[in-house]
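Trainee: predicted model and sequence below, questions to follow.
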Amino acid sequence: MSSRSPIDPEMTILDVVSRHRKTEAVFKKYDEQAGVCLCCEALFEPLYRVADRYGLDLQKLLNDLGEVATNSPKPLS
């Protein structure tokens, strides 16, 4: 298994959710900590900026998103 995550801190929330639909649940999990709906308020923001703005642990967020993204089935082509 590759240790390289498909999620990059430069990606926006929209990029992540559109490529890996199940990651929406991860963002919902972080909504309470952020105090806002991240998908509503920061959809076009890069992840590193979202983490900074809302006081989230960027590395943990990336790890949580990467785990869901790599364990999700690939979309059919």
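Mentor: That came in fine, so what should we check first? Residues are numbered from 1 along each chain as shown.

Trainee: which strands or helices does whichever helix in the chain runs longest pack on?
Mentor: In terms of residue count, the longest helix belonging to the chain (DSSP state H) is helix 58-71. Under the contact definition 3 or more CB pairs under 8 Å, 6 or more residues apart in numbering; DSSP states H and E, helix 58-71 sits against helix 13-19, helix 24-34, helix 47-54. Every residue, glycine included, has its C-beta placed from N, CA and C.

Trainee: now the ones you listed in JSON lines, with distance to Leu65?
Mentor: Listed next are the helices and strands packed on helix 58-71 as JSON lines, based on distance: least, CB to CB, whole Å:
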{"stretch": "helix 13-19", "distance to Leu65": "6"}
{"stretch": "helix 24-34", "distance to Leu65": "5"}
{"stretch": "helix 47-54", "distance to Leu65": "8"}
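
Trainee: could those go into a markdown table alongside mean pLDDT, mean neighbour count and distance to Ala69?
Mentor: Putting those into a markdown table (pLDDT from 0 to 100; neighbours: other CB atoms under 10 Å; distance: least, CB to CB, whole Å) gives the following:
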| stretch | mean pLDDT | mean neighbour count | distance to Ala69 |
| --- | --- | --- | --- |
| helix 13-19 | 97 | 17 | 7 |
| helix 24-34 | 97 | 15 | 9 |
| helix 47-54 | 98 | 17 | 12 |
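
Trainee: span of stretch 27-41 from start to end?
Mentor: 11 Å (CA to CA, to the nearest Å).

Trainee: check the offset of that stretch from the chain's centre.
Mentor: 11 Å (CA atoms, centre = their mean, to the nearest Å).
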